[in-house]
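> Could you look at this predicted model? Sequence included:
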Amino acid sequence: MKLARHALAIAVGLYAASAWASTPAPTAPQLPDFVYQGRLEQEGYPANGNYDLTFSLWDAPTGGNRVGNVISEPGYPVQNGLFSISLAFPGAFTGTQMYLEVAVNGVALPRQPVATAPVAQHALNGAVGPTGATGPAGPQGPTGAAGAIGAQGPTGAQGIQGVTGPTGATGATGAAGPTGVAGPTGATGAQGPTGAQGIQGIQGVTGATGATGATGVTGPAGPQGIQGIQGVTGATGVTGPTGATGAQGSQGSQGVQGPTGATGTTGPTGPTGPTGQQGVTGAQGPAGATGATGPTGVTGATGATGSQGVQGPTGATGATGPAGPAGVTGATGATGATGASGSAKFVARINGTLSTSLPRPLHATNAGGYGANVDFVSTQGYVVSLTPDGLVAGITTAYYQSSDCSGPAMLTTAFVRPGVIASSGNARTMYYVPKTGATVLTDPVRNSRSTGSIFCDSTTSTLTGSYYVTPVNNPAVTGVDMIVTPAMVGIDYVP
């Protein structure tokens with residue numbers, strides 16, 4: 001529940017808790033209590049309910065020092081936005097400007113200057129002398145003409161509450177406006193039974209004063225109403241002529257000054273509060289400028305010559321000198337005997353295309369024969385074999401390290417070696433054994449096997465022997481593209 005931070009304000013002046021009696025009582029000191037009345041709004045509407053209120057007195061509008069104790073009133077009732085409370089700060093009002101800070105539910109509101117001391121806080125302690133005779137009252141001067149009342153400006157719409165900025169210095173008091181025309185006195189209502197004291201409301205706007213009518217018969221005095229907010233002080237009327245000075249009464253004798261009370265004993269020193277946490281270390285400042293180079297010291301005396309050190313190793317051989325001029329060409333030697341005839345040259349075609357003309361060329365290393373494979377080597381040095389039935393050599397069952405046939409596969413070391421490409425499984429997927437860094441597994445546990453192109457059959461059978469871990473063929477690594485099977489291999493003679 002959000003409270004407007006400027007919802008609290010002094011609705012009336014500060015009231016003394018006691019009034020002056022007709023005859024002073026020398027033994028009854030003036031009480032320091034006074035009444036504070038405020039108005040509390042919530043989201044722009046008068047608040048209702050119980051609120052935790054705290055009051056403290058300060059010697060500055062912001063910062064400064066607190067004077068006296070903090071007064072706490074938890075769960076204080078507020079009705080229709082109004083509340084009234086009795087406060088007391090004994091000995092605080094000595095003529096120095098004070099500021100009252102009010103906090104609602106822990107939210108401190110801007111401090112309010114206390115315009116005047118609520119009550120007198122000091123007086124002579126001696127006995128009061130007898131009151132002198134009252135001189136005759138001088139004639140009353142004529143009442144000055146009432147000034148015109150100024151028009152009240154419209155109330156602006158309440159804006160969105162911003163972040164509370166620091167309290168500015170108190171501005172100078174503006175000039176007092178003229179006193180409005182006094183309105184007619186309302187009829188006195190019958191006095192009702194005295195109920196519990198409610199929250200004192202704020203005084204309504206003073207109506208315009210009508211013309212003074214003839215003085216009627218004085219009726220019985222009604223009960224005194226709640227004092228409203230003090231209106232703006234009007235301009236002072238023209239001073240009437242001074243009445244004749246009455247005879248001065250005889251001055252009473254000055255009372256004997258009472259003895260000064262004994263100084264109270266100093267209270268014990270309170271315990272030392274706990275040491276606060278150490279603040280965060282500040283960032284290191286920039287390095288200072290390099291100081292000027294000091295003067296060169298005096299050169300020391302030359303030391304004695306040391307013994308000869310061990311001979312160092314022989315230096316590297318120097319660069320070879322430029323070649324000398326070419327010698328005279330020798331005579332041509334005799335022609336050697338004709339050698340024996342070599343085997344016939346050949347080229348291979350895969351599905352009618354020269355293997356060396358493929359996007360990634362393959363070079364046949366043998367011509368094959370009846371029931372034999374034709375081997376090809378890529379430019380990256382990987383070997384792939386095509387069987388007589390046009391398939392990439394391999395096995396029909398693929399073994400995997402994973403349980404979902406996602407690879408890598410395992411090929412037995414009895415049939416392949418690093419740098420060999422083979423196909424596995426009914427899907428005839430091509431795998432390769434890396435030429436360097438191939439991983440060998442000895443007697444691995446078989447997790448699954450491929451029995452078709454789209455599913456896996458799990459098995460718990462174990463494998464014996466050694467197997468290469470083989471990733472799926474990567475043409476960028478092996479230089480061998482996926483071969484469309486069955487592949488027809490043809491051998492052509494090259495003269």
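Arrived safely. Numbering: from 1, shown residues only.

> Every contact and neighbour count from this point should use C-alpha atoms.
Fine.

> Have a look at this protein and report the helix or strand with the lowest mean pLDDT.
Among the helical and strand segments of the chain, the one scoring lowest on mean pLDDT, DSSP states H and E is strand 15-16, with a mean of 38.

> Past that strand, which element shows up next along the chain?
strand 33-39 (DSSP states H and E).

> Show the average pLDDT along that next one.
For strand 33-39, the mean pLDDT works out to 85.

> Just name whatever secondary elements that strand is in contact with.
When contacts are defined as 3 or more CA pairs under 8 Å, 6 or more residues apart in numbering; DSSP states H and E, strand 33-39 sits against strand 15-16, strand 82-88.

> Tell me where the model's unsure across the stretch 301-450 of the chain.
Residues of the stretch 301-450 of the chain meeting the criterion pLDDT under 70: 301-312, 314-315, 317-318, 320-321, 323-324, 326-327, 330, 333, 335-344, 450.

> other SSEs contacting the single longest strand found in the chain?
In the chain, taking DSSP state E as the definition, the longest strand is strand 66-78. Judged by 3+ CA pairs under 8 Å, 6+ apart, strand 66-78 is in contact with strand 49-58.

> contact partners of the strand it packs on?
64-79, 89, 98-106 (CA atoms under 8 Å, 6 or more residues apart in numbering).

> for stretch 365-377, same thing?
When contacts are defined by CA under 8 Å, 6+ apart, stretch 365-377 is touched by residues 346, 348, 362-364, 383-388, 489, 491.

> residues contacting residue 394?
422-424.

> Neighbour count added to those, as a markdown table?
Below are these laid out as a markdown table (neighbours: other CA atoms under 10 Å):
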| residue | neighbour count |
| --- | --- |
| 422 | 25 |
| 423 | 24 |
| 424 | 21 |
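
> Pick out whichever of those residues sits closest to residue 34.
For the contacts of residue 394, the residue nearest residue 34 by CA to CA is residue 424; the value is 101.4 Å.

> pretty sure the closest one is in contact with residue 400, am I right?
No - using CA atoms under 8 Å, residue 424 is not in contact with residue 400; the gap is 10.5 Å.

> just to revisit the earlier point, okay, now the sheet partners of the longest strand of the chain, with direction.
Strand pairing for strand 66-78, using DSSP bridges, gives strand 49-58 (antiparallel).

> Only the buried residues of the strand it pairs with, if you could.
51, 53-58 (16 or more other CA atoms under 10 Å).

> Now that we have these, can you turn them into JSON lines and tack on pLDDT and distance to residue 411?
Converted to JSON lines, those look like this (pLDDT from 0 to 100; distance: CA to CA, whole Å):
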{"residue": "51", "pLDDT": "94", "distance to residue 411": "83"}
{"residue": "53", "pLDDT": "95", "distance to residue 411": "85"}
{"residue": "54", "pLDDT": "96", "distance to residue 411": "85"}
{"residue": "55", "pLDDT": "94", "distance to residue 411": "88"}
{"residue": "56", "pLDDT": "94", "distance to residue 411": "89"}
{"residue": "57", "pLDDT": "92", "distance to residue 411": "91"}
{"residue": "58", "pLDDT": "93", "distance to residue 411": "90"}
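
> What is the neighbour count of residue 466?
Neighbour count of residue 466, defined by other CA atoms under 10 Å: 16.

> Please name the bridge partners of it.
Bridge pairing for residue 466 - DSSP bridges - gives residue 442.

> Now do the contacts for it.
Applying CA under 8 Å, 6+ apart, the residues near residue 466 are 412-414, 440-444.

> again with residue 395
For residue 395, the contact set (CA under 8 Å, 6+ apart) comprises 422-425.

> Can you give me the distance of the closest residue to residue 84 other than its chain neighbours to residue 429?
Distances taken as CA to CA, 6 or more residues apart in numbering put residue 37 closest to residue 84, at 4.3 Å, once the chain neighbours are dropped. Using CA to CA, to the nearest Å, residue 37 is found at 92 Å from residue 429.

> Among the two, which residue is more densely surrounded?
Neighbour tally, residue 37 and residue 429, criterion other CA under 10 Å: the higher count belongs to residue 37, 22 against 17.

> Tell me how far the more buried one lies from residue 402.
For residue 37 relative to residue 402 (CA to CA), the value is 82 Å.

> hang on, the earlier thing: just the contacts of residue 394: which are in strands?
Here DSSP E is the test, and these give 422-424 as lying in strands.

> where do the strands sit along the stretch 351-495 of the chain?
With DSSP state E, counting those that start in this stretch as the criterion, the stretch 351-495 of the chain has strands at 353-354, 362-364, 374-378, 383-386, 394-395, 398-400, 409-412, 420-424, 429-432, 440-442, 448-450, 456-458, 466-470, 489-494.

> Just the pLDDT at residue 50, thanks.
pLDDT, residue 50: 94.

> Where does the prediction get shaky in the stretch 101-250 of the chain?
Low-confidence segments of the stretch 101-250 of the chain (pLDDT under 70): 115-250.

> before we move on, the earlier item: contacts for the longest strand of the chain?
40, 47-59, 83, 87, 89-90, 92, 199.

> ok, residue 356 - how many residues close by?
Residue 356 sits with 17 neighbouring residues when counted by other CA under 10 Å.

> partners of the closest residue to residue 392 other than its chain neighbours in the sheet?
Closest residue to residue 392 apart from its sequence neighbours, by CA to CA, 6+ apart: residue 386 at 4.7 Å. Per DSSP bridges, the residues bridged to residue 386 are residue 374, residue 392.
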